[in-house]
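Participant: Predicted model, plus sequence, below.
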Amino acid sequence: MKPIRLLPLAATALLLMQSACRVDGEAPAAPPAATASPDAARELVARGEYLVRTTGCNDCHTVGYAEQQGEVDTSQWLTGSPLGYKGPWGTTYAPNLRLKLVDMDEAQWLDYSAALRTRPIMPDFSLRAMSQADRRAIFHFIKSLGPGGAPAPAYLPPGQDPPPPYFELVVPAAASAAIGTP
């Protein structure tokens, strides 16, 4: 199987993706008080579901979500993907968030999500920009799903060819030089 080549958008995409690779310290926010009532807990989970649905989490973290126009049973949401994203950074995979959060408590998630720095193509800057209340709602929604699925494939460093399926970002030399990429 030949990789899909995304030449026309390469420079723009790489600029966006490089911003996800920065590492700088951001103080994590303090965790909010626990939810007081069952109604408030249901509202929090519903808000988290809304955010996951509308902010694109499922686009990468749920197999077939985009292809099925979002018509994937919630029981399959956020279980990761075997689709690789190959570029100058290596090959990354959208992890299974349900397994990632299984051993985290709310305070750990709030600290983790406030300081998250990943490799492309994850727009970690979007998660960090969310309010603590929104990140808290996402946490409670993911936890409400329970563990499910299997771990996604592990990151592959540059120079290693991933097994299909994968997208490949090919950066022309001129675009690479213009954005300061080797």
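Facilitator: Alright, I've got the coordinates. Residues are numbered from 1 along each chain as shown.

Participant: partner residues bridging residue 84?
Facilitator: Under DSSP bridges, the beta-bridge partners of residue 84 are residue 93, residue 166.

Participant: Quick check: it touching residue 90?
Facilitator: No. Counting by CB atoms under 8 Å, residue 84 sits too far from residue 90 to count as a contact (9.4 Å). Glycine gets a C-beta too; all of them are placed from N, C-alpha and C.

Participant: Can you pick out the residue with more neighbours from the two?
Facilitator: residue 84 (24 against 17; other CB atoms under 10 Å).

Participant: Please list all residues in contact with the more buried one.
Facilitator: The contact partners of residue 84, taken as CB atoms under 8 Å, 6 or more residues apart in numbering, are 91, 92, 93, 153, 156, 162, 163, 165, 166, 167.

Participant: try it again with 7 Å
Facilitator: For residue 84, the contact set (CB atoms under 7 Å, 6 or more residues apart in numbering) comprises 91, 93, 153, 162, 166.

Participant: and if you look at residue 147?
Facilitator: Residue 147 neighbours (CB under 7 Å, 6+ apart): 98, 99, 102.

Participant: repeat for residue 90
Facilitator: By CB under 7 Å, 6+ apart, the contact list for residue 90 reads 119, 155, 156, 157, 158.

Participant: quick revisit: quick check, nearest of the contacts of residue 147 to residue 126?
Facilitator: residue 98 (19.8 Å; CB to CB).

Participant: quick check, that closest one in a strand?
Facilitator: No. Applying DSSP: H, G, I helix; E, B strand; the rest coil, one finds residue 98 to be helix, outside a strand.

Participant: any idea which helix or strand of the protein has the worst average confidence?
Facilitator: Least confident helix or strand of the chain, by mean pLDDT, DSSP states H and E, is helix 10-19 with a mean of 36.
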